[in-house]
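Asks: no letters, just coordinates:
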């Protein structure tokens, strides 16, 4: 298309670029770009909106929308970096604004699954590149030259031949009147020309955070706002019988108290009693007066000890298992084995406990529409859930996305959103902020499922791994979009062995479960990598050697259509590369300090490959001392923001060590026994090891880092402890009394 | 019956019961939301303020018990040389992930350096172990404190 044709088309006002999620072949979700897209110059000389994400101001400052929820993973900084890179913006002139929940305008808005990077690597860059093309077209029109003669420097269009220059701010008004190019075909930069991608950039909100400015969900303040606490049954699965709301209403500061009926979906709304006051502390205190009567049914019979006994009985009876992966002749392979390794593994329920307790603010407007300020990892899902509960269409529920004090998967569920909506609908015109106590949070979570595995490996006469069996005892947790209580049928090393049988048995429970950072992987990595370490020892070798043997000669699996679009298949070369790198980094195989030992763990999850080595010792009191952790990671061709990336890896490693060493949620009488940080003991500064991270670059598009560095550190630790003490850790959290 | 508390150098009258913890008076009676609620039992440090310069858990401090003592909060931290230096070091080290606990971390770190300008590594760990960072930015918090201890407040 010539520039003249561009000009003849004239201004296209009022339409916006947007990215639309659409069902793709294979049932996954892929991003499709909807075109044509228009732009709008608001008033002459005013801000010019080039598309839904980019507004350029006359003073040459640029506002970029960060569309995804920020939970500390750095996405509010990172996605705009991608736009700014291809826009060729001067980063110092960029400000970032959090986008509201708007699927039509922004596409998927989700903090979960480490999806944001693979899902947005192309679309966000294309969005920025489209903006740059419009600025080039505007300059070409102004100067009467061809766009091919133009280049850009940060926020400046340059015509080298004539020496003419114009800032983006000068061109923005004209740029907003040219047709928007098709995103799919817009040229992208060569990686060698990146100025922003790969540069360490601090968190965009960090200056506000160190000053204590109100940016988190719970900091939301609205005129006339009141505060709500919500009493629900301690025993999961219970129903409300009665509550003395009048007694609560007589307490100081209390404005109202009323019962709320659940909607039958524990991920949305369970029975409870709302107490509303002028100050949350007063509302929460008045809960003590409610004298709530619950119908607990049979659920009080549920407890962790019984679960464990039942699960171990089931594991002993392997024929009960529902087989979900069977290949080769397993029975023959085991009958003919020179050696069989047989072990039972277990890991507990875990809670998420983000530092900012669950909360949400809602205002039911007098016209019947709902407005919310929601710290949610899935605000579009929350919008839908609230709309469904209220009997509204989603467009009648406006959801502002707030920064969150952590997520870790807890805020993938939006129960607090539906709760506050149920409360606010009783008080039209009054903004209500619901806050949970820490006890509410610990005892009303969607827990990382506990699980049991009986694993058996057959070794042939050459010490080669010939076959594997797993009987996984897990939970029947019904429906839901994501089931965290399962394991993949192709769980490593199944694809590389001739004889495999994976089966599972499900137990009933009312304990709610959900995704915790690196869901399924955070448990399965411990189980399988610890067991493979047992197999390696039985075969007289170390685990890295066994891992490399298992994939020897194996090629990359074919691409599939995944949730984030076309997804590369598992590539054993990337496993080899991170394993070799971490062995080199950690001095694997060389002598270590007296009383110290190393352990290796590897895992592939969320499209990221991580191999990690832990150096451990025990102090005089037999307490675990982690001295060093080395991590080699392959998440593709670029580390978009090295600051955020490193922070995610360091945090994941300490998170994993904490889980392994001291975290468990136990069920007693159908309720959670733990209640706060005194008995759910998160890692603290003194247990922080030295952490050494190196990136192994590959030719693949970059993928996310919120999760994949966590799973391997747990078996790396337990394998190191075996090397140190000869005691195999088959249950989490680690019981240090076994080292006596 | 209002309770008078001096906060960041200003006398404030709070119309709330004397047993209300300072945290909830700050956040919801005075609209000062920089001080954070994390656990309510003094186990996480997110609510740390200074009372006469001492790091104090505001979730466990009834407003009626404060009397003439002076409270200072994260909102006024930048007015002190050590506080300002730490805020800058937090940015230089890119300490934060979610950032929710960082007001408490900064208040505690400031109290540490005010009482012990040159802490050893172990003294930093001991002084900071009451403050939980769920994102586990501990390496960076430690480095930022050590950096200010080494460089002092001169580069602010």
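Replies: Looks like it came in fine. Fair warning: this is a prediction, and the values are worked out from it, not measured in the lab.

Asks: how is the one residue in the stretch 451-600 of chain A that gets nearest to chain B assigned, secondary-structure-wise?
Replies: With C-beta to the nearest C-beta as the measure, residue A:517 is the residue of the stretch 451-600 of chain A nearest to chain B, at 10.6 Å. For the C-beta atoms, the positions are set from N, CA and C on the backbone; glycine is no exception. Put simply, residue A:517 is coil when judged by DSSP: H, G, I helix; E, B strand; the rest coil.

Asks: how near is the residue lying closest to it once chain neighbours are set aside to residue A:350?
Replies: Nearest residue to residue A:517, sequence neighbours excluded (C-beta to C-beta, 6 or more residues apart in numbering or on different chains): residue A:408, at 4.7 Å. Per C-beta to C-beta, to the nearest Å, residue A:408 is found 10 Å from residue A:350.

Asks: what of residue A:309?
Replies: 21 Å.

Asks: quick one on the thing from earlier: name the residues contacting each of residue A:408 and residue A:350.
Replies: Shared contacts of residue A:408 and residue A:350, defined by C-beta atoms under 8 Å, 6 or more residues apart in numbering or on different chains, are found at residue A:516.

Asks: ok, residue A:447 touching residue A:350?
Replies: Yes: counting by C-beta atoms under 8 Å, a contact exists between residue A:447 and residue A:350, whose distance comes to 6.3 Å.

Asks: now list whatever residues contact both of these two.
Replies: Common neighbours of residue A:447 and residue A:350 (C-beta under 8 Å, 6+ apart) are A:516, A:665.

Asks: and the residue of the stretch 251-400 of chain A found nearest chain B, how far from residue B:16?
Replies: Using C-beta to the nearest C-beta, the single residue of the stretch 251-400 of chain A nearest to chain B is residue A:281, 3.8 Å away. Using C-beta to C-beta, residue A:281 is found at 9 Å from residue B:16.

Asks: quick check: neighbours shared by the two?
Replies: With C-beta under 8 Å, 6+ apart, residue A:281 and residue B:16 have common neighbours residue B:24.

Asks: neighbour-wise, which of the two wins?
Replies: residue A:281 (28 against 24; other C-beta atoms under 10 Å in any protein chain shown).

Asks: check for me that the more buried one belongs to a strand.
Replies: No: the assignment for residue A:281 (three-state DSSP) gives helix, which keeps it out of a strand.

Asks: isn't it right up against residue B:21?
Replies: Yes: counting by C-beta under 8 Å, residue B:21 is a contact partner of residue A:281 at 6.4 Å.

Asks: please give the element, helix or strand, for residue B:18.
Replies: Following DSSP states H and E, there is no helix or strand that holds residue B:18.

Asks: residues touching the nearest residue to it once chain neighbours are set aside, list them.
Replies: The shortest distance from residue B:18 to any non-neighbouring residue, by C-beta to C-beta, 6+ apart, is to residue B:64 (2.7 Å). Contact partners of residue B:64, counting by C-beta under 8 Å, 6+ apart, are B:3, B:17-19.

Asks: got a winner among the residues you listed for most neighbours?
Replies: residue B:3 (21 neighbours).

Asks: what residue in chain B comes nearest to chain A?
Replies: For chain B, C-beta to the nearest C-beta, closest residue to chain A: residue B:34, 2.3 Å.

Asks: name the nearest residue to that residue, ignoring sequence neighbours.
Replies: residue A:212 (2.3 Å).

Asks: show me the contacts for the one you found.
Replies: With C-beta under 8 Å, 6+ apart, residue A:212 has these contacts: B:33-35, B:73-75, B:77, B:103.

Asks: could you do residue A:573 as well?
Replies: Neighbours of residue A:573 in contact, by C-beta under 8 Å, 6+ apart: residue A:556.

Asks: avg pLDDT for the helix or strand containing residue A:305?
Replies: Residue A:305 belongs to helix A:304-316 when assigned by DSSP H and E. Mean pLDDT, helix A:304-316: 95.

Asks: for residue B:23, see how far away the nearest residue to residue A:221 once chain neighbours are set aside is.
Replies: Closest residue to residue A:221 apart from its sequence neighbours, by C-beta to C-beta, 6+ apart: residue B:31 at 6.0 Å. Residue B:31 sits 13 Å away from residue B:23, going by C-beta to C-beta.

Asks: among those two, which residue is more densely surrounded?
Replies: When residue B:31 and residue B:23 are compared for neighbours, residue B:23 comes out ahead with 24 against 10, by other C-beta under 10 Å.

Asks: list phi and psi for the more buried one.
Replies: Main-chain torsions, residue B:23, degrees, to the nearest 10: phi -50, psi -50.

Asks: quickly list the domain ranges of chain B.
Replies: B:3-75, B:77-151 (automatic domain parsing).

Asks: look up the closest residue to the spatially most central residue of chain B, ignoring the ones flanking it.
Replies: Closest to where the C-alpha atoms of chain B average out (C-alpha atoms, centre = their mean) is residue B:107, at 2.4 Å. Distances taken as C-beta to C-beta, 6+ apart place residue B:48 nearest to residue B:107, at 4.2 Å, with adjacent residues excluded.

Asks: wait, the one you found touches residue B:56, no?
Replies: Yes: contact criterion C-beta under 8 Å: residue B:48 and residue B:56 qualify, at 6.9 Å.

Asks: of these two, who's got more company?
Replies: Between residue B:48 and residue B:56, counting by other C-beta under 10 Å, residue B:48 is the more crowded of the two (30 against 22).

Asks: for that one, what are its contacts?
Replies: B:35, B:55-58, B:103-105, B:107-108, B:111, B:131.

Asks: that one pairs with what?
Replies: Judged by DSSP bridges, the bridge partners of residue B:48 are residue B:57.
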